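J.: Task: produce atomic coordinates for the following.
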Amino acid sequence: MKSSNAGDCGVRIRHTAIRARHGLAGCTVLVMVIGGCLSPPIRFLPRAEVLRIHRDRIYLATQKQARFLLGTVHPWDKDPTLRLLTDSKSGEHWVRPNTGAVAGFCFLYRYGPYDEKLVGVSRSALLADTILPMMRYLVATHVTGDRPTGDGKPWGDAWQSAHWAHALGRSAWWIWEDLPADVREGVQRVVTHEADRFVSAVPPHQIVNDTKAEENAWNSQILSVAVLLMPDDARRPAWEAAFQKWAMSSFLSPADERSDTVVDGRPVREQFTGANIYDDFTLENHGIVHPDYMTAFSLTLGCTLDFVMTGRQPPEALLYNVAPIYENLKWFWLPDGGFVYPSGQDWGLFRNADWLFKHVLMAVFARDPQAWWLAFRSLDTLEKMQARGNSGAVYQPGESFFASTQTDLVYYLSLAWLTLQWADDLAASPMQRNGARRLDSGKIILNRTPSAVHTFSWGAKVMAQCVPYRLDRIVSPHPRSGIGHIRLKGQTNTLPVKTHSVDVRNDAVSFVAELELDHGDNQVRAFLTYRSNAGGTWTMREKLVALADVTTTEIATGLAGILNNRGWIHERGERRVAINGQATVVTSCDGQVIEHDAATDIGIDSVLRISSPAPLHVRYIGAAKPDRARVTDELYLNYLEGERAWRAGDVISDFEVVMSCRSIPE
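T.: Okay, the predicted model is just below:
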C-alpha cells in the first residue's frame, strides 16, 4: 500500500488542475492525438464551442439524471447508516448499479458548474448523505470487508466484479482528498484485491458466439484504477504491464497472430493471446454479430483519461484495431443515433443515448472527424428522451430491462464531459456511408441507399430487412425478419430453420442473396431471394415446397417486424396500415389483427410500401405487449392458417414483392 500522504499529494495536484478548468477559459489543455486521419469535408470546431456544448448540454443532462437516481437511494435495512439504490444482493444487478451511481455522484461533487437546485441537494449534502454512506456499504460488503450483502454473500471475485470495482475506485480517485481515511483504505483494499486477480492470469479468447473482448476490456480497467489510487505501490509495474496485456488482448483478430506491426514496442504477434474479433472487425456475442458489443472499445480507450489526467502517455494498445471496428459501426448507424441490427437485437433497441460517450472518445482521442458529428446526433436524441418527463431520467420505465441502464448512463455522461476537457479544436464532418459493405467473417451484408438500409445475415441468425433511412426506422429487428415460421398439426412450437445453401453476390451499390432454407428436418424447403437495389428498392421472393407429406396449421412467412411504441420520441404510438387503399389505424399494444386475402399494395404510414404483381394473403398482427423493451407488430406477407395437407413435392406458395421507402418530412 502507498502512504496516504504520497497518494493525497499526487491526486490533489491533478484535481486542482482540473478544477481550474471549471471556468473553461484561458486554460492549457493536454491533447492526446493518437492516430486517425482527416477527410473532407471538414469543419473545425473551436475549443470554446466544444466546451460550451459539453458545459451547457452534457453536464445539464448528467445533473438531471443524477436527480432521478438520488430519488431511488435509500438506507440499508440492516444498517440505516449505509445507503444503496437497489436491494442488497451480491450479484451484478445489485452491485453494478450502485458503483455506477456513486461514480456519477462523485463526478458532480468534484467537477463542473454544479446547480444544487437542479440536482436537488447541495454538494456537501451529496457527499455526506449519499456518497460516503454508499461507498461504505460497497466497501463493507465486498469480500475484503466484514459484512455480507442481504443475500448472505459478499460481492467480489466474480465474473464481472472487477468492472464494478473499477467504477468505485475511479470515483474515489476523483474526490480522494475529501474521503475519510476509512473509506480510502477500504476502496484501496477492494481495488487491490480485484486487480491482483488479473496480474498473472492469461486473458481468455473466443470468437464464435461469445466473444471475450468485452470481458477482457472491463477487466483491464481495474488495473488502470489501481495505479491511480496507489501510484507508489511496489506492485505498480506489474499492474501497468497487466493493464497493457489485457487491453491489447481485447480486440485481437486471427490475422494478428502473424502481424509484425509494432505496438508499445513489441510486434503484435509476440503479444497475441488469442482472437476475440473476426478479421473483418465484426464481433459476436449472444450468438449474433452484435453492434452493441462492438462499442466495448470504450472500456479500454476510456482509460486514456486516467493517463492524460495524470500526465502520462497512454499505451498504443488502447487504439489497436479500434478504428476499423468503429468503421463497421458507421455502416450500422441510423439517423436517430441508433444502429441497424442485421442479425437481431436481444437488448433494448433504443439505446441511442448510450453511444454518446463512444463517439466523444473517438472524436477526442482518435481524432475521427465523423465521430464528433455522430456524437451530436446521439446528444440530440438523449435530450429529447430526457425531456419526455420531469423526473430527469433519460430512459422511461419499460424502455430498458437491464438493471444498470440508468446508472451506467450517468457514469458515462461524466466520462464524456471529462474527455471533452482534453479536446483541442475538433474536426467535424458528416457521416456519409453509401453502397454495399460485405462482411464475410460475420456473414453480413448491408447496402445503404438514400432511402433505406438493406441487410442480410446468413450466419447463426438468418435475417433480411429493409429499414427506412429516417428518424422513425419503422422496421424492428425481429429475429425471424424475412423468414417467418411454419407450424405443423399437433405441434405447439414452430419448426426450427436451418440453412441448406447460401449464395451472396454484390457490386459496389447492390447485392443479391439466394438461399435454400429448411423449416424442420426435410419437411418444408424455402427458396428465397433478396435483392437490394441501388435506388433503394428491395425485392423479396419466396417459394415454399413440401419435402415430405406434412399437414400445416399455420404458415406465416415473409415477415417484417413493425415498431409501434407509445413513448419513443420518433413514434406516435400508432401505425396506419393501408391495404389496397383501405387504411386502418393500429394503436400500440391493442393486439389488433388485420387480414386480407388479395393484397397487392400495402403501406405503413405512407413510408414503407410493399407491392406485389399477384394477390397476397397477408396478416398484420398488433402486439399485445412489449417484448425486449419494444413493441413489435408483425406483418406476414404469406399467411395461411388452418389445417392444410401437402404431399411431397407440392408447391405450397410462391410470391414476390417489392419494398420501397419514401422520404417524408419528420
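
J.: alpha carbons only for contacts and neighbour counts from here, please
T.: Will do.

J.: I'd like to know the beta-bridge partner residues of Ser44.
T.: For the record, residue 44 is Phe, not Ser. For Phe44, the beta-bridge partners are Ala427 (DSSP bridges).

J.: who touches it in this structure?
T.: Each residue near Phe44 by Cα atoms under 8 Å, 6 or more residues apart in numbering is listed here: Asp425, Leu426, Ala427, Ala428.

J.: just the residues you listed now: which is nearest Met134?
T.: Taking Cα to Cα as the measure, Leu426 is the one of those closest to Met134, at 37.7 Å.

J.: Can you give me the neighbour number for that closest one?
T.: Using other Cα atoms under 10 Å, Leu426 has 20 neighbouring residues.

J.: thinking it is in contact with Leu51, fair?
T.: No. Using Cα atoms under 8 Å, Leu426 makes no contact with Leu51, being 10.9 Å away.

J.: Adding distance to Asn328 and pLDDT, write the contacts of Phe44 out as a markdown table.
T.: Converted to a markdown table, the contacts of Phe44 look like this (distance: Cα to Cα, whole Å; pLDDT from 0 to 100):
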| residue | distance to Asn328 | pLDDT |
| --- | --- | --- |
| Asp425 | 26 | 81 |
| Leu426 | 22 | 79 |
| Ala427 | 20 | 81 |
| Ala428 | 19 | 84 |
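
J.: Just the buried ones among those residues, please.
T.: Among the contacts of Phe44, those classed as buried by 16 or more other Cα atoms under 10 Å are Leu426, Ala427, Ala428.

J.: Grab the nearest non-local neighbour of the last one.
T.: Nearest in space to Ala428, with sequence neighbours left out and distances taken as Cα to Cα, 6 or more residues apart in numbering, is Pro369 at 4.3 Å.

J.: Any idea how far stretch 365-376 is from the middle of the chain?
T.: 17 Å (Cα atoms, centre = their mean, to the nearest Å).

J.: Just the C-alphas of stretch 50-60, formatted as CSV.
T.: Presented in CSV, the C-alpha positions along stretch 50-60 are these (Å, rounded to 0.1, in the frame of the first residue of the first chain):
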residue,chain,number,x,y,z
VAL,A,50,-16.7,22.3,-27.8
LEU,A,51,-16.5,23.3,-24.2
ARG,A,52,-19.7,25.4,-24.4
ILE,A,53,-21.5,22.3,-25.8
HIS,A,54,-20.4,20.0,-23.1
ARG,A,55,-20.9,22.6,-20.3
ASP,A,56,-24.4,23.5,-21.4
ARG,A,57,-25.7,20.2,-22.6
ILE,A,58,-23.8,17.1,-21.3
TYR,A,59,-23.4,18.5,-17.8
LEU,A,60,-27.0,19.5,-17.7
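
J.: in it, what counts as buried?
T.: The neighbour-count check on stretch 50-60 (16+ other Cα under 10 Å) flags Val50, Leu51, His54, Arg55, Ile58, Tyr59, Leu60 as buried.

J.: quick check, Leu640 in a strand?
T.: Yes. Counting by DSSP: H, G, I helix; E, B strand; the rest coil, Leu640 falls inside a strand.

J.: Please determine how far the nearest residue to it once chain neighbours are set aside is located from Ala464.
T.: Among residues not flanking Leu640 along the chain, Ile555 sits closest, at 5.0 Å (Cα to Cα, 6+ apart). Remark: distance between Ile555 and Ala464 (Cα to Cα, to the nearest Å) = 18 Å.

J.: the more surrounded of those two?
T.: More crowded of Ile555 and Ala464, by other Cα under 10 Å: Ala464, with 30 against 22.

J.: Are we agreed that that one is in a strand?
T.: Yes. Counting by three-state DSSP, Ala464 is found in a strand.

J.: Gly484 is in contact with that one, correct?
T.: No. Contact between Ala464 and Gly484 fails when scored by Cα under 8 Å: they sit 10.6 Å apart.

J.: Sketch out the low-pLDDT regions of the stretch 551-666 of the chain for me.
T.: Within the stretch 551-666 of the chain, the ranges that satisfy pLDDT under 70 run 664-666.
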